[in-house]
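Engineer: Sequence and predicted model, in that order:
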Amino acid sequence: MSTRPSSPPSPRPSVRLTVVGCSGSYPGPDSPASCYLLEAEHDDGSGPRTWRVVLDLGNGALGALQRYADPLAIDAVLLSHLHADHCLDMCGYHVLRRYHPSGPQPLLPVHGPADTADRLARGYDLEVDPGMREEFDFRVWGEPVRIGPFHVRAVPVDHPVDAFGLRITVGDVTIGYSGDTAPCAGLDEVADGVDLLLAEASFRAGDDNPPHIHLTGTDCGDVARRAGVGRLVLTHVPPWFDPADALAEATAVFDGPTVLATPGAVYEL
C-alpha cells in the first residue's frame, strides 16, 4: 500500500494585525476611533515572546484594546498624529499605567510628533512638566526605529497638522499605514510594494472635498495600484458615510484584494 508523504506544517505568521478601532474622525456606533494592534514573535536575547505595538489610540479605543491584549503588555505606542481620533485615549492609558494596583509600571515608549508630550498633558489638564513623562517615554519621529521585531519608518504626509504615515517591517513582511493624509509623495513612499496597506478613506469621490486633508476610496485604490500593494484594507470611514461607497470606489481602480476594516478583524502575514 502506497503512502503519501505528510505535508510540512504551515509556517507561523510573522506578524498579526488586529483592527481595534476603525471609525473615522469620531467613534461610531459599531467601532472606536483609530487603533490597530500589531503582534509578532521575537527573541531579543532574553527568550522568545510575543511583542506588541499599538498604532494610534483614538477615542474609545482603550476599552476595546483590552479584548485583544493586556494593556500592560504593550511594548510601544506609535502615534501618526495628534488629532483626538488618533490619540485621545492616551489620557486613559496614562491613568491605567499610573494607578494600576499591580504597582509602578516601566516607562512605555511612545513615538509621535514633536509636541506629543505637551499636547497629551494638556488633554488631561496636567502641568506639562512632568505631564505624562512618568508613565511614557516620549520619542519624536525622525530616524527609523526598532522595537523588538518591528522596524518602523515614519514618513511625513499631507494633513493640516504634523502627521506621518508608517512603514512597519517584520522579517520579509511590510505593512503600510497611511495615518490621515491627502494624496502625496509621502503616501506613495509608505505604500511602495507593501504586503498590506491600511489606508484611510474619509472622503467620497465626486464630493466637494477640501484639499490637503483626507483620501477618497478612489485615491486609496489608485495608490495601491501604482505602488504594487499586496492587499488593501480601507479604514477610517466616518459614520456619516456608507463604507460600501469607499469599497466600490477603490475596487473600481484596484483589482487586488481589497476589504473594509471592521473591529476585531485579524490579518496574518
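Structural biologist: Good, I have the coordinates. Numbering: from 1, shown residues only.

Engineer: Nearest the geometric middle of this structure, what residue?
Structural biologist: In the chain, the centroid-proximal residue (C-alpha atoms, centre = their mean) is Leu55; its distance is 3.4 Å.

Engineer: Just give the closest residue to that residue, not the sequence neighbours.
Structural biologist: Nearest residue to Leu55 in three dimensions, chain neighbours excluded: Tyr36, at 4.2 Å (C-beta to C-beta, 6 or more residues apart in numbering). All C-beta spots, glycine's among them, are computed from the backbone N, C-alpha and C.

Engineer: To what extent is that neighbour buried, counted in neighbours?
Structural biologist: Other residues within reach of Tyr36, judged by other C-beta atoms under 10 Å, total 27.

Engineer: same question, the one 3 residues further on
Structural biologist: Here the number of neighbours of Glu39 (other C-beta under 10 Å) works out to 22.

Engineer: For the spatially closest residue to it that is not a sequence neighbour, give its distance to Arg67.
Structural biologist: Counting by C-beta to C-beta, 6+ apart, Glu39 lies nearest to Arg16, which is 4.6 Å off, once chain neighbours are set aside. Arg16 sits 14 Å away from Arg67, going by C-beta to C-beta, to the nearest Å.

Engineer: Distance from the chain centre to stretch 72-84, please.
Structural biologist: Remark: stretch 72-84 is offset 9 Å from the chain centroid, using C-alpha atoms, centre = their mean, to the nearest Å.

Engineer: Could I get the buried residue list for it?
Structural biologist: Using 16 or more other C-beta atoms under 10 Å as the burial criterion, the residues of stretch 72-84 that qualify are 74-83.

Engineer: and the two most separated of the residues you listed?
Structural biologist: Farthest-apart pair in these is Asp75 and His83; separation 23.9 Å (C-beta to C-beta).
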